[in-house]
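Undergrad: dropping the sequence and predicted coords here.
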Amino acid sequence: ITINIGTRNVDIAGNHVNLTVKEFDLLNLFMSNVGKVYSRDALLETIWGADYIGDFRTVDVHIRRLREKIEADPANPQYIMTKWGVGYYFAE
């Protein structure tokens, strides 16, 4: 995965991947902090902001959609991993 912060472009194996703003922000955060586990609350505060009022499950929906776009097999991810009961992280 190649990510260009300035242009907000993501390429996988030479193919451009269209991400929403939040998907890009999540991927950028994960790739900038490989191996660090983020709870839903931490992701909501970091990506959506401390004043976000909404369902915390939005994180799960965004992670699912991001996996669908960047993973060869979203059901068996190799990049964005789940640490059950804790949160999400980018695999080392």
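TA: Done, it's in.

Undergrad: the protein: strands as residue ranges?
TA: Secondary structure of the chain (DSSP state E): strands at 2-4, 9-12, 15-17, 80-83, 87-90.

Undergrad: list the buried ones in the helix or strand bottoming out on mean pLDDT in the chain?
TA: Across the helices and strands of the chain, mean confidence by mean pLDDT, DSSP states H and E is lowest for strand 2-4: a mean of 88. Neighbour-count burial for strand 2-4, with 16 or more other CB atoms under 10 Å as criterion, is recorded at Ile3. Quick note: C-beta positions are derived from backbone N, CA and C, even for glycine.

Undergrad: same check on stretch 59-75?
TA: Counting neighbours by 16+ other CB under 10 Å, stretch 59-75 gives 59, 62-63, 65-67, 70 as buried.

Undergrad: what of stretch 72-91?
TA: 77, 79-81, 87-90.

Undergrad: could you export the buried residues of stretch 59-75 as a markdown table, including pLDDT and distance to Leu19?
TA: As requested, the buried residues of stretch 59-75 are exported to a markdown table (pLDDT from 0 to 100; distance: CB to CB, whole Å):
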| residue | pLDDT | distance to Leu19 |
| --- | --- | --- |
| Val59 | 96 | 15 |
| His62 | 97 | 10 |
| Ile63 | 98 | 12 |
| Arg65 | 97 | 9 |
| Leu66 | 97 | 7 |
| Arg67 | 97 | 12 |
| Ile70 | 96 | 8 |
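
Undergrad: need these in a markdown table (columns: distance to Ile53).
TA: As requested, the buried residues of stretch 59-75 are exported to a markdown table (distance: CB to CB, whole Å):
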| residue | distance to Ile53 |
| --- | --- |
| Val59 | 14 |
| His62 | 16 |
| Ile63 | 20 |
| Arg65 | 21 |
| Leu66 | 22 |
| Arg67 | 26 |
| Ile70 | 28 |
